[in-house]
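Visitor: Just need the structure, nothing else, for what follows:
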Amino acid sequence: MFIENIVKKVNSDKTVVVFCSTSACSSCKAALFCSNKKHNEFLALNINNLVINEGDIVELFLNPKKTILSLILLFLIPLVIFLISFLFLRNITGLSESVSGLISLILMGTCFIFTYLFNRKYKEKLMPVIVRNNMEYKNV
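Guide: Numbering: from 1, shown residues only. Next up, the predicted model:
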């Protein structure tokens, strides 16, 4: 998926701070779960060493496979772990619902910790990549 964003700041480590317009965020399917609702800023990689200045409009590529992987890691795996552990603890071991629910919540929290660690380790690989600089607009 390709999207256009405005460059806010160029960092020295091949990353660029970009922000999206509210119209782009409103059409996004994941806008409900977005943590950047107020700031609309995120990092993008400039691995192609394009000449980029503040205020430029750049085109980003969001790899659909990475987006789906992120959604699976963040939502699907913890939910499945919760459901399986709850059903196993409740029906197989015979624990009460409250104890099974508490243990399942702890396991789900552990999944979120692993997701956080995975995200920290592979942060650059999950970032969108700048593919083109559309230098038409210079004012931010």
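Visitor: ok, longest strand in this structure?
Guide: Within the chain, and with DSSP state E defining each element, the longest strand by residue count is strand 2-10.
Visitor: Run me through the strand neighbours of whichever helix or strand comes after it, direction for each.
Guide: The C-terminal neighbour of strand 2-10 among helices and strands, as given by DSSP states H and E, is strand 15-19. Sheet pairing for strand 15-19, assigned by DSSP bridges, gives strand 2-10 (antiparallel), strand 41-45 (antiparallel).
Visitor: Mean neighbour count, distance to residue 66 and mean pLDDT for those - can I get that in JSON lines?
Guide: All C-beta atoms are positioned from the backbone trio N, CA, C, and that covers glycine. Below are those laid out as JSON lines (neighbours: other C-beta atoms under 10 Å; distance: least, C-beta to C-beta, whole Å; pLDDT from 0 to 100):
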{"stretch": "strand 2-10", "mean neighbour count": "16", "distance to residue 66": "14", "mean pLDDT": "84"}
{"stretch": "strand 41-45", "mean neighbour count": "17", "distance to residue 66": "12", "mean pLDDT": "83"}
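Visitor: These: which one's closest to residue 80?
Guide: Relative to residue 80, the nearest member of the strands paired with strand 15-19 by C-beta to C-beta is strand 41-45, separated by 27.6 Å.
Visitor: Sketch out the low-pLDDT regions of this protein for me.
Guide: Of all residues in the chain, those with pLDDT under 70 make up the ranges 21-39, 136-140.
Visitor: again, 80 this time
Guide: Low-confidence segments of the chain, defined by pLDDT under 80, span residues 19-41, 135-140.
Visitor: mind listing the helices for it?
Guide: Along the chain, the stretches classed as helices by DSSP state H are 22-26, 64-71, 77-87, 97-121, 123-126.
Visitor: Give the burial count for the closest residue in space to residue 132 that isn't next to it in sequence, as a bare number.
Guide: Of all residues not flanking residue 132 in the chain, residue 59 sits nearest, at 4.2 Å (C-beta to C-beta, 6 or more residues apart in numbering). Other residues lying near residue 59 total 15 when counted by other C-beta atoms under 10 Å.
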